[in-house]
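**Q** structure here, sequence nowhere to be found:
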């Protein structure tokens, strides 16, 4: 059974020697101010840049979303409230139930709590300074939990556009806490999925060897895709790629010659000069994707790259249309339907609910304060028909 959060219990624990203080209310006011100002909460994420947030809906299911938008959610293990796994002959069947729940729980163990107690018990520290320390602590805890959910939304978006519209979560790779294993397919049109080719129509790998030998026709390939998009009436906004591919373009023998001519063709193309060349050749600007997400498995954290599943995965150049790419559609969070006694809740106003509680010896657990953020929400890429993908490595 959960106990009250140390930040909510004004009579005991941390707050016992301070004047009445509503730290949970402090965070709720902060979220409300973010919402009122219509700015990203804490740190702007990619989903904040490319998506708009729809109001929370009661009883929203994946089936309802798939009926409104053009995408599929598939699952092998249903996660919760399921009788049997949905598994078809291909390994996945359409998931028509509740939107998969994402969550991130942040523990604050007794060793950290003791440090906080020492500050609060110090006679040399003013009450105002103690309150600021408490506000800073709860702010950091809530921020970490909330942004953990937003990391998942960013992962879904980035991984899908770098994998031809598909993202899959598995317990062995990017969802170790499980138990749900599910896949989202935004149904990128087949004609938008391009592969690097040479002038004869053969596969052409973007490798350092081919680049140094002058075998690549990088600008021509990029121009062909931009021209195809433009012919369809799509305003091209930007090209996304990994830093590795960006450096390859900077060092490419043909690109250096196109930018600097024969006299300086041995020089590495600077970023300002490359940007100017892109504009001159009618190409959109390049955005390097450096986002990494931390996952925790067996108590150890590791980073995952949403653009690459592993070293054998293919590098891709992604072409995005200008403007908004889609919507974030949240459903009512579980805790809104069945709130728990002694758990404090903070509503982020965008479908993610933050909850705080503590556990201890009475429940046979290690004394710990928990901050959790959770929600049922998905990024819906409504402009998937305007997104193009060029596979440039591991073409076989």
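**A** Right, received. Where do you want to start? Keep in mind that what you see is a predicted model, and the values were worked out from it rather than measured.

**Q** end-to-end on stretch 388-396?
**A** With CA to CA, to the nearest Å applied, stretch 388-396 spans 20 Å between its terminal residues.

**Q** buried residues in that stretch?
**A** Neighbour counts over stretch 388-396 (16 or more other CB atoms under 10 Å) mark 388-393 as buried. In this view, the C-beta of every residue, glycine as well, is placed from N, C-alpha and C.

**Q** kindly report the same for stretch 348-356.
**A** Neighbour counts using 16+ other CB under 10 Å place 348-356 of stretch 348-356 among the buried residues.

**Q** average pLDDT for that stretch, rounded please.
**A** Averaging pLDDT along stretch 348-356 gives 86.

**Q** one more: stretch 254-267?
**A** Mean per-residue pLDDT for stretch 254-267: 87.

**Q** how long is it end to end?
**A** Counting by CA to CA, you get 12 Å between the two ends of stretch 254-267.

**Q** list the buried ones in that stretch?
**A** Neighbour-count burial for stretch 254-267 flags 254-256, 258-260, 265 (criterion: 16+ other CB under 10 Å).

**Q** kindly report the same for stretch 118-132.
**A** So stretch 118-132, judged by 16+ other CB under 10 Å, has buried residues 120, 130-131.

**Q** next secondary structure after the worst-scoring helix or strand of the chain on mean pLDDT?
**A** Using mean pLDDT, DSSP states H and E, the weakest-scoring helix or strand in the chain turns out to be strand 93-94, at a mean of 46. Going down the chain from strand 93-94, the next helix or strand is strand 101-109, by DSSP states H and E.

**Q** what's that next one packed up against?
**A** Counting contacts by 3 or more CB pairs under 8 Å, 6 or more residues apart in numbering; DSSP states H and E, strand 101-109 packs against helix 127-161, strand 368-381.

**Q** and the next helix or strand after that strand with helix 127-161, angle?
**A** Using DSSP H and E, the next helix or strand after strand 101-109 towards the C-terminus is helix 110-121. Here helix 110-121 points in a direction 150 degrees away from that of helix 127-161 (axes from the mean of the first three to the mean of the last three CA atoms, to 10 degrees).

**Q** where in the stretch 251-396 of the chain is pLDDT low?
**A** The stretch 251-396 of the chain contains residues with pLDDT under 70 at 296-301, 362-363.

**Q** tell me where it has strands.
**A** In the stretch 251-396 of the chain, the strands defined using DSSP state E, counting those that start in this stretch lie at 286-288, 293-297, 300-304, 316-321, 326-331, 344-347, 353-359, 368-381, 388-391.

**Q** not including adjacent chain positions, what is the nearest residue to residue 105?
**A** In space, and not counting its chain neighbours, residue 105 is closest to residue 372: 4.3 Å by CB to CB, 6 or more residues apart in numbering.

**Q** my guess is the one you found contacts residue 146. True?
**A** No - using CB atoms under 8 Å, residue 372 is not in contact with residue 146, being 9.9 Å away.

**Q** and for those two, which residues touch both?
**A** Shared between the contact lists of residue 372 and residue 146 (criterion: CB atoms under 8 Å, 6 or more residues apart in numbering) are residues 104, 354.

**Q** neighbour count for those two, which is higher?
**A** When neighbours are counted by other CB atoms under 10 Å, residue 372 and residue 146 differ, and residue 146 comes out ahead with 27 against 22.

**Q** domains in this protein, as residue ranges please.
**A** The chain breaks down by automatic domain parsing into domains covering 13-188+327-382, 190-323+386-391.

**Q** between the two ends of the shortest one, what distance do you get?
**A** The first residue of domain 190-323+386-391 is 13 Å away from its last residue (CA to CA).

**Q** just give me how far it sits from the chain centre.
**A** Mean-position distance between domain 190-323+386-391 and its chain equals 21 Å (CA atoms, centre = their mean, to the nearest Å).

**Q** next one: stretch 344-359
**A** Using CA atoms, centre = their mean, the offset of stretch 344-359 from its chain centre is 19 Å.

**Q** could you tell me the end-to-end distance of it?
**A** Taking CA to CA, stretch 344-359 runs 13 Å from one end to the other.

**Q** then stretch 118-133?
**A** End-to-end for stretch 118-133, by CA to CA: 11 Å.

**Q** re earlier: so who does the residue nearest to residue 105 touch?
**A** If you count contacts by CB under 8 Å, 6+ apart, then residue 372 has 103-106, 145, 354-356 around it.

**Q** okay, it and residue 119: tell me how far apart.
**A** Separation of residue 372 from residue 119 (CB to CB, to the nearest Å): 25 Å.

**Q** same question, residue 135
**A** Computed with CB to CB, the distance linking residue 135 and residue 119 is 13 Å.

**Q** so which bits of stretch 311-324 are buried?
**A** Buried residues in stretch 311-324, counting neighbours by 16+ other CB under 10 Å, are found at 314-321.

**Q** how about the residue nearest to residue 160 when sequence neighbours are not counted, what does it touch?
**A** Among residues not flanking residue 160 along the chain, residue 167 sits closest, at 4.4 Å (CB to CB, 6+ apart). Contacts for residue 167 (CB under 8 Å, 6+ apart) come out as 155-156, 159-160, 183-184.
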